[in-house]
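# okay, structure incoming, though there's no sequence with it:
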């Protein structure tokens, strides 16, 4: 007979199982925590990188435009606008609405006459995003469009609402084209040509020689005709109808409008009047860039504060005023005396909250000295 084995197969005891499970849970908990920390760190880094990229693009665009303020307009520029009417010209509007707290901003005035300057401060013109900070600022710059050679055409005011641009058979002396162009672009060119909402700065004269009269006029394009006439008398008729968004085309104006210069001739340049402001009609708030009478375009989201100040030169006293939030208006100075723009705060938050519930943030604080804004250059001898 075979003897039966009495060896017993033994497994883990209940205590051993519980100890093993506890140790496993500790290891698993540590692994989950490390993984969670890694995910949070990756998220934070990606959020910061995205925010820094958006912030850099927005600040580059803003500082570039501020640096170009008054470029092409000449020294100490102040261009008279239509005056003597019940309605004053405005900026910050397009064909579909107005955007500076739901309205347009009036141009700075002297002796009740509005003027366009190379830079126009907008102290507290923007919306209030945080009550503790108060209303935000806007800022508006103006400079000529260097890429569209409209000045190569001769212009003639044919009516109070129409200007005829004649195609040049011989380029005028002041028409200097780049090597890539043999002739100026068509007035109605689909890419760079005139469109409704554009602002044109006319340099018009009446008469010849010493008896000639000169007048600068700014008007808003409302329509562009096609090429008409036959060689060598081809032309484009551009309309400047009343009821325009920026209130430039006023046929009842006593000065500063096309109606005041019938049959005058000269040339024109496209003017870029660019306003930066915060839009809080959507969430999150956005930094917007609006050009002349065109629809605004977003520059960056989650810009939560915008504040400027300005340094000015007081020619009457020979003194320099710094950090003027209102652009010197309280000291009876005009925007033509601004020498430097200070971006006191352009603050941006991250799009999403972090793991601990807070937003990441960046704040731009810098100054821009626009060379074409300098009211007076004083260099040591």
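Thanks, I have the structure now. Bear in mind that the values here come from a model prediction, so they are computed numbers and not experimental data.

# what distance do you get for the closest residue to residue 266 other than its chain neighbours to residue 280?
Nearest residue to residue 266 in three dimensions, chain neighbours excluded: residue 204, at 3.9 Å (C-beta to C-beta, 6 or more residues apart in numbering). Where you see a C-beta, it was placed from the backbone N, CA and C, and this is true even at glycine. Going from residue 204 to residue 280 by C-beta to C-beta, to the nearest Å gives 42 Å.

# residue 369 too?
Using C-beta to C-beta, residue 369 is found at 31 Å from residue 280.

# quick one, strands of the stretch 151-300 of the chain?
For the stretch 151-300 of the chain, the strands defined by DSSP state E, counting those that start in this stretch cover 154-159, 162-166, 199-206, 213-220, 223-224, 235-239, 265-279, 286-291, 297-301.

# ok, back up a step: among residue 369 and residue 280, which residue is more densely surrounded?
residue 280 (16 against 12; other C-beta atoms under 10 Å).

# what sits against the more buried one?
Residue 280 sits next to 127, 129 when contact means C-beta atoms under 8 Å, 6 or more residues apart in numbering.

# how much space between it and residue 318?
Residue 280 is 42 Å from residue 318, by C-beta to C-beta.

# again, but for residue 277
With C-beta to C-beta as the criterion, residue 277 and residue 318 are 34 Å apart.

# neighbour count: those two, which is higher?
Per other C-beta under 10 Å, whichever of residue 277 and residue 318 has more neighbours is residue 277, with 26 against 9.

# what about the residue nearest to residue 72 when sequence neighbours are not counted, how many neighbours?
The shortest distance from residue 72 to any non-neighbouring residue, by C-beta to C-beta, 6+ apart, is to residue 144 (3.2 Å). Residue 144 has 19 neighbouring residues, counting by other C-beta under 10 Å.

# for residue 144, what are its contacts?
Residue 144 neighbours (C-beta under 8 Å, 6+ apart): 71, 72, 73, 201, 269, 270, 271, 272.

# how about residue 195?
Residue 195 neighbours (C-beta under 8 Å, 6+ apart): 221, 224, 294.

# neighbour-wise, which of those leads?
Within these, residue 221 tops the neighbour count with 24 neighbours, counted by other C-beta under 10 Å.

# wait, isn't it in contact with residue 194?
Yes - Residue 221 is in contact with residue 194 according to C-beta atoms under 8 Å; the separation is 5.2 Å.

# so for those two, which residues contact both of them?
With C-beta under 8 Å, 6+ apart, residue 221 and residue 194 have common neighbours 200, 238.

# least confident secondary structure element in this protein?
The helix or strand of the chain with the poorest confidence is helix 14-67; it has a mean of 80 (mean pLDDT, DSSP states H and E).

# and the next helix or strand past that one?
Later in the chain than helix 14-67, the nearest helix or strand by DSSP states H and E is strand 78-80.

# report all helices and strands that that next one contacts.
Strand 78-80 sits against strand 113-117, strand 213-220, with contacts defined as 3 or more C-beta pairs under 8 Å, 6 or more residues apart in numbering; DSSP states H and E.

# closest to residue 158 out of these?
strand 213-220 (13.1 Å; C-beta to C-beta).

# what about that closest one, distance to the chain center?
Distance, stretch centre to chain centre, for strand 213-220: 24 Å (C-alpha atoms, centre = their mean, to the nearest Å).

# what comes up buried for it?
For strand 213-220, the neighbour count (16 or more other C-beta atoms under 10 Å) marks 215, 216, 217, 218, 219, 220 as buried.

# ok, the last one - contacts?
Meaning residue 220. Per C-beta under 8 Å, 6+ apart, neighbours of residue 220: 197, 198, 199, 200, 240, 244, 245, 246, 248, 249, 292, 293.

# among the residues you listed, who's most crowded?
residue 248 (28 neighbours).

# and the residue lying closest to that residue once chain neighbours are set aside, bridged to which residues?
With C-beta to C-beta, 6+ apart as the criterion, residue 248 has its nearest non-adjacent residue at 4.4 Å, and that residue is residue 220. Residue 220 forms beta bridges with residue 199, as assigned by DSSP bridges.

# gap between residue 220 and residue 130?
Distance of residue 220 to residue 130, computed by C-beta to C-beta: 35 Å.

# residue 12 too?
62 Å.

# per-residue pLDDT of residue 353, please?
If you check residue 353, the pLDDT there is 62.

# per-residue pLDDT, residue 174?
83.

# for the nearest residue to it once chain neighbours are set aside, what are its contacts?
Of all residues not flanking residue 174 in the chain, residue 151 sits nearest, at 6.5 Å (C-beta to C-beta, 6+ apart). Residues near residue 151 by C-beta under 8 Å, 6+ apart: 174, 175, 267, 268, 269.

# kindly provide the distance from the nearest residue in space to the second one that is not next to it in sequence to residue 317.
Distance criterion C-beta to C-beta, 6+ apart; nearest residue to residue 175, sequence neighbours excluded, is residue 152 at 3.7 Å. Using C-beta to C-beta, one gets 44 Å for the distance from residue 152 to residue 317.

# out of those two, which sits in the busier spot?
Comparing residue 152 with residue 317 by neighbour count (other C-beta under 10 Å), the higher total belongs to residue 152, at 20 against 9.

# so that one touches residue 170, yeah?
No - here residue 152 lies out of contact with residue 170, judged by C-beta under 8 Å, at a distance of 10.4 Å.

# so for the residue most central in space within the chain, what's the pLDDT?
By C-alpha atoms, centre = their mean, the chain has its centre lying nearest to residue 289, at 3.7 Å. Looking at residue 289, its pLDDT reads 97.

# quick thing: my sequence starts at 691, can you match it?
Done: numbering now begins at 691, and the last item shifts to residue 979.

# which residues touch it?
751, 755, 964, 965, 966, 986, 987, 988, 989.
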